[in-house]
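Student: Sequence first, then the predicted structure:
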Amino acid sequence: MRLQRQFSGQIITLDTQNPIGGGGEGRIYSVVQNPSLVAKIYHKPTDEDAHKLTVMFSHPPDAPMGTGHSAIAWPIDLLRTTNNKHQIVGFLMPRVSRAEPIHIFYNPRNRRQQKPLFNYRYLHRTARNLVAAVNALHNSGYAIGDVNESNILVTDTALVTLVDTDSFQVRDPYTLEIYRCPVGKPEFTPPELQGRSFREIDRKPEHDLFGVAVLIFQLLMEGTHPFAGVYKGRGEPPTLEARVKAGHFPYSTKRVPYRPTPLAPDWKILHPSIQQLLIDCFELGHQHPELRPDTRTWLKALRESENSLVTCQKNHQHLYGNHLKYCPWCERTKLLKGRDPFPSREAVRNKQHLEPAVKKRKLLSLAPQKTTVPKKPAPPKPIIITRKMGQYQPLLTPVSIKFKPPSVPIIPLPGGGKGLVGVAQDAIFGSFWGVLCAAAVAGLVLGIIKSSVAVLGGVIMGILWGGFFAIAWQYIIPMGFSTGSLGLTG
């Protein structure tokens, strides 16, 4: 893509095949003729964009400059098409090299993995350079508006650059026309602007100061958001935006339904002057935004805090305020199970900072284990049947069962089961039968000897009657009946 610089008239070529970055408004490309510059080209350029960029180019802020470093990526020229329309489609700005978004440095995990030697002094210096850049903008009549962690780049030496400057709120010093910032992130938005449309709001320096204080807190408190905390009230925890709007700062001197998160560093690690400014910003400034500490006040306190840092004897990468009696980073390393927030140079050299947290293992005990005696099962509970209207309930009485006596045995017991009476009866009838049998035998002998037919006939009849009585008594007469019952009397 070939474009023309608005004020110098130079024709430049953009490497559109390899865009550097982009977003909803446009894309960023490198300049073939000058690698130290980049160009931002809008997807849908407007006349308002052209007017705003012209004001910015004409009135740059007096930003702090380093050797080959720009604290604010300000437009240095406008770009227009080479056709007859000469439409403004973007602008040129300095390239920011070897820099990362600020959250890489204040997030403990990202810093430990990517910037392990970026210690607490560097974090203080980052905060100071950030405030200095914002101070330059405010002194020139500008407001950032959309303060967030993605629009701030930091180098390994704590140099800061504010980017996405074309989204800043711009005020034309001649016409007094204001080009508003239409966007913003809720976690960096002050309570008085929460839930409101940014397109209808003129931003003020005190609005930026809230977001700057949030970033300072995150830089010095291991990435913790100042309004993050454990909810102690009833119901569901409110959102972060609701906490900001309500002014519920967990470290406040007032009573709030929150307590600091357990993994956040102790509030006391901050220098007393830093603590006071944060309370002034989030507590006093909640009702009176104009009373929030300005950039000059912050610069003084941050300088004082950085100058008070002392070095830990165990780890020279541990720096802490001289108002503390011991190194808080050594204690925090124990709390994090060996993950040092600021690992030593030796640990970084041996890549120990990349190792996961040490997990405690359960040791096997050689002591005999306790045995538990199983409890006896509880007796079953009776099933109680309740009687409903019209429902049959069985009587709780024993059920009678008809007993069928066993059949008479083939071989009867002696006495027919009658005891002594039965035995006596058997003896009488046995004797009677025996006499008959004896008479029959005697008659048989006499009949043979005397040859008397009458005697022989009587003997035979006696034998027959004796056998009949014996069989009748044993098998014909049932047990339990007497001879009288059968009519055997004569």
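Tutor: All right, it came through fine.
Student: Quick check: mean pLDDT of stretch 74-94?
Tutor: Average pLDDT, stretch 74-94: 95.
Student: next one: stretch 338-353
Tutor: 92.
Student: what does stretch 263-283 give?
Tutor: Here the average pLDDT along stretch 263-283 is 97.
Student: what sits up against stretch 60-69?
Tutor: Contact with stretch 60-69 is made by 70-72, 74, 129, 132-133, 136-137, 139-140, 142, 155, 159, 161, as judged by Cβ atoms under 8 Å, 6 or more residues apart in numbering. The way it works is simple: take the backbone N, C-alpha and C, and place the C-beta from them, glycine included.
Student: Could I get the buried residue list for that stretch?
Tutor: 61, 63-64, 69 (16 or more other Cβ atoms under 10 Å).
Student: Run through the bridge partners of I72.
Tutor: Going by DSSP bridges, I72 is paired in beta bridges with L162.
Student: Flag whichever of the buried residues of stretch 60-69 scores worst on pLDDT.
Tutor: The member of those with the lowest pLDDT is P64, at 78.
Student: Quick check: it vs S36, distance?
Tutor: 19 Å (Cβ to Cβ, to the nearest Å).
Student: before we move on, what about K351?
Tutor: 34 Å.
Student: again, but for P116
Tutor: 29 Å.
Student: Compare neighbour counts for the two and give me the winner.
Tutor: Set P116 next to S36 and count neighbours by other Cβ atoms under 10 Å: P116 wins out with 21 against 10.
Student: Please state the offset of the host helix or strand of W298 from the chain centre?
Tutor: W298 is part of helix 295-307 when elements are defined by DSSP states H and E. Put simply, helix 295-307 sits 39 Å off its chain's centre (Cα atoms, centre = their mean, to the nearest Å).
Student: which residues are contacting it?
Tutor: Contacts for helix 295-307 (Cβ under 8 Å, 6+ apart): 121, 124-125, 127-128, 131-132, 134-135, 138, 209, 212-213, 216, 270-271, 273-274, 277, 293, 321.
Student: Also stretch 274-290?
Tutor: Contacts of stretch 274-290 (Cβ under 8 Å, 6+ apart): 190-192, 204, 206-207, 209-210, 213, 216-217, 220, 226-227, 247, 249, 251-254, 267, 270, 291-293, 297-298, 301-302, 305.
Student: Quote the end-to-end distance of it.
Tutor: Length of stretch 274-290, first residue to last, Cα to Cα, to the nearest Å: 18 Å.
Student: Under the pLDDT cut-off, which ranges of the stretch 251-400 of the chain? List them.
Tutor: 357-400 (pLDDT under 70).
Student: Can you flag which of the contacts of helix 295-307 belong to strands?
Tutor: G321 (DSSP state E).
Student: Quick one: buried ones out of the contacts of helix 295-307?
Tutor: 124-125, 127-128, 131-132, 134-135, 138, 209, 212-213, 216, 270-271, 273-274, 277, 293, 321.
Student: wait, L79 sits on G90?
Tutor: Yes: counting by Cβ atoms under 8 Å, L79 does reach G90; the two are 4.6 Å apart.
Student: Now the common contact residues for the two.
Tutor: With Cβ under 8 Å, 6+ apart, L79 and G90 have common neighbours 3, 39, 41.
Student: Where does pLDDT dip in the stretch 1-150 of the chain?
Tutor: Judged by pLDDT under 70, the stretches of the stretch 1-150 of the chain that qualify are 66-67.
Student: contacting residues for E241?
Tutor: 186-187, 189, 194-195.
Student: Of those, which is the nearest to K52?
Tutor: T189 (21.9 Å; Cβ to Cβ).
Student: Distance of the closest one relative to G195?
Tutor: 9 Å.
Student: More neighbours: which of the two?
Tutor: Each of T189 and G195 has its neighbours counted (other Cβ under 10 Å); T189 has more, 24 against 10.
Student: Please look at that one and D208 and confirm they touch.
Tutor: No: look at T189 against D208 with Cβ under 8 Å: they stay out of range, at 10.5 Å.
Student: Which residues does stretch 334-353 contact?
Tutor: Contacts of stretch 334-353 (Cβ under 8 Å, 6+ apart): 108, 111-113, 116-117, 119-120, 222, 263, 315-319, 329, 332-333, 355, 357-360.
Student: Work out the gap between that stretch and the centre of the chain.
Tutor: So, by Cα atoms, centre = their mean, the centroid of stretch 334-353 is 27 Å from its chain's centroid.
Student: list the buried ones in it?
Tutor: 339-344, 347-348, 353.
Student: Can you give me the domain boundaries for the chain?
Tutor: Annotated domains of the chain cover 1-97, 98-354, 426-486 [automatic domain parsing].
Student: ok, and which of those has the densest surroundings?
Tutor: domain 98-354 (a mean of 18; mean count of other Cβ atoms under 10 Å).
Student: what about stretch 225-235, start to end distance?
Tutor: Stretch 225-235: ends 22 Å apart by Cα to Cα.
Student: Just the mean pLDDT for it, thanks.
Tutor: 94.
Student: what's near enough to touch Q87?
Tutor: So Q87 contacts 45, 50, 80-81 (Cβ under 8 Å, 6+ apart).
Student: Mind picking the two most distant members of the residues you listed?
Tutor: Pairwise over these, using Cβ to Cβ, the maximum falls at A50 and T81, 11.8 Å.
Student: So what pairs up with V170 in the strands?
Tutor: In beta-bridge terms (that is, DSSP bridges), V170 pairs with Y179.
Student: Report the contact partners of it.
Tutor: Counted by Cβ under 8 Å, 6+ apart, V170 has contacts 52, 55-56, 142, 178-179.
Student: same deal with P250?
Tutor: Counting by Cβ under 8 Å, 6+ apart, the residues that P250 touches are 226-229, 256, 258-261.
Student: give me phi/psi at it?
Tutor: phi -60, psi -20 (degrees, to the nearest 10).
Student: can you tell me which of the contacts of helix 295-307 are in helices?
Tutor: 121, 124-125, 127-128, 131-132, 134-135, 138, 209, 212-213, 216, 273-274, 277 (DSSP state H).
Student: Give the helix, strand or coil label for A39.
Tutor: Here A39 is recorded as strand under DSSP: H, G, I helix; E, B strand; the rest coil.
Student: Checking my notes, L78 in a strand, right?
Tutor: Yes: L78: assigned to a strand according to three-state DSSP.
Student: Now do the contacts for the residue lying closest to it once chain neighbours are set aside.
Tutor: Excluding its sequence neighbours, the residue lying closest to L78 (Cβ to Cβ, 6 or more residues apart in numbering) is Q6, at 3.6 Å. Q6 is in contact with 77-80, 88, counting by Cβ under 8 Å, 6+ apart.
Student: thought P19 was touching G26?
Tutor: No: counting by Cβ under 8 Å, P19 does not reach G26; the two are 10.0 Å apart.
Student: contacting residues for E222?
Tutor: Neighbours of E222 in contact, by Cβ under 8 Å, 6+ apart: 106, 108, 264-265, 341.
Student: what's the closest of those residues to N148?
Tutor: Y106 (13.0 Å).
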